[in-house]
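A.B. asks: I'd like to go over a predicted model; first the sequence, then the structure.
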Amino acid sequence: MSSLSANWKPNLRDFNKLARPLRLKAFGPAGLVAGAFALVLAAALTVLPSPAQAQAAPAAKPTAAALSDTVLIVGDSLSAEYGLRRGTGWVPLLEKKLAAEKRPVKVINASISGDTTSGGRSRLAGLLAQHKPTIVVIELGGNDALRGLPLDMTEKNLLAMTQASKKAGAKVLLLGMQVPPNYGGTYGKTFAGLFSKVAQAEKVAVVPFFLKGIADVDDAESRFQADRIHPNQQSQATMLANVWPDLNKLLR
């Protein structure tokens, strides 16, 4: 029942005035009944919506803000601008790219220099609860290898972080890493394969080698800072280029 019909209180004096012409035309009690019925019907027709109006109004289209993504990046020094001038790392470059394309995407860089998969795993729950990301980029594992940590532990941590992110409703992108040949062929191959292995098991996106085109080229030394571990400023655009195709597919 509409709010109008629910609150309507008929005035009997006005009703009689309106019904009198109908009663005179119809002659007698039967005419009065018919006239009253006609009056009520006419009043109802002015209140009730047409069949087209009665249909539910279509839901409003979501606004651009409602469709925007929040990208949470959980990484180490490679994403924390270690040794770089602020605003020149691949994450700020990503933000600038999104802004230039007018993409309503919020980027949260929760990367910490020196972090391992264990450290990332321990703080992920809090980050998920605080930021409620729609996409989580996991860029961890390099420090695990540099410290010679057990590979099965790294794998379990990556798996746990991926599962936690998915449970929170976020899509996941893993950024894979490799280690120099001096770590041994078996160790290096197994480590490099961890990222694709986890991605395949959990059906999430993966960049097999985050530093492709930087660490695997003939003039690799010129693309790193003096420590030969961290890519220099000129390499940040290449890092973003490695991430962008897979990240772009996850964005709304």
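C.D. replies: Perfect, thanks for sending it.

A.B. asks: may I have the predicted confidence score for the nearest residue to T134 once chain neighbours are set aside?
C.D. replies: Ranked by CB to CB, 6 or more residues apart in numbering and with sequence neighbours excluded, the top spatial neighbour of T134 is D69, at 4.5 Å. For the C-beta atoms, the positions are set from N, CA and C on the backbone; glycine is no exception. If you check D69, the pLDDT there is 98.

A.B. asks: give me the number of neighbouring residues for D69.
C.D. replies: 19 (other CB atoms under 10 Å).

A.B. asks: so what's it up against?
C.D. replies: By CB atoms under 8 Å, 6 or more residues apart in numbering, the contact set of D69 is P104, V105, K106, P133, T134, I135, L250, L251, R252.

A.B. asks: just the ones of these in strands?
C.D. replies: Judged by DSSP state E, strands contain the following of those: K106, I135.

A.B. asks: weed out the non-buried ones from the contacts of D69.
C.D. replies: Buried members of the contacts of D69, counted by 16 or more other CB atoms under 10 Å: V105, P133, T134, I135, L250.

A.B. asks: pick out whichever of these sits closest to H230.
C.D. replies: I135 (24.7 Å; CB to CB).

A.B. asks: any chance of CSV for the contacts of D69, columns pLDDT and distance to D219?
C.D. replies: Shown next, in CSV, are the contacts of D69 (pLDDT from 0 to 100; distance: CB to CB, whole Å):
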residue, pLDDT, distance to D219
P104, 95, 39
V105, 98, 34
K106, 98, 36
P133, 98, 37
T134, 98, 38
I135, 98, 33
L250, 98, 32
L251, 97, 33
R252, 92, 38
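
A.B. asks: what ranges do the helices span in this structure?
C.D. replies: Here the chain has its helices, by DSSP state H, at 3-7, 12-26, 28-47, 51-54, 90-100, 117-131, 142-146, 151-167, 185-202, 236-250.

A.B. asks: average pLDDT across the shortest one?
C.D. replies: Per-residue confidence for helix 51-54 averages out to 50 on the pLDDT scale.

A.B. asks: what does the third one give?
C.D. replies: Helix 28-47 shows a mean pLDDT of 44 in the predicted model.

A.B. asks: same check on the first one?
C.D. replies: What helix 3-7 shows for mean pLDDT is 39.

A.B. asks: how close does T134 get to I108?
C.D. replies: According to CB to CB, to the nearest Å, T134 and I108 sit 11 Å apart.

A.B. asks: list residues touching both of these two?
C.D. replies: Common contacts of T134 and I108 (CB under 8 Å, 6+ apart): T70, V71.

A.B. asks: surely G213 and N242 touch.
C.D. replies: Yes - using CB atoms under 8 Å, G213 is in contact with N242, at 7.0 Å.

A.B. asks: when the two are compared, which one has more neighbours?
C.D. replies: Just comparing G213 and N242: by other CB under 10 Å the higher neighbour count belongs to N242, 21 against 14.
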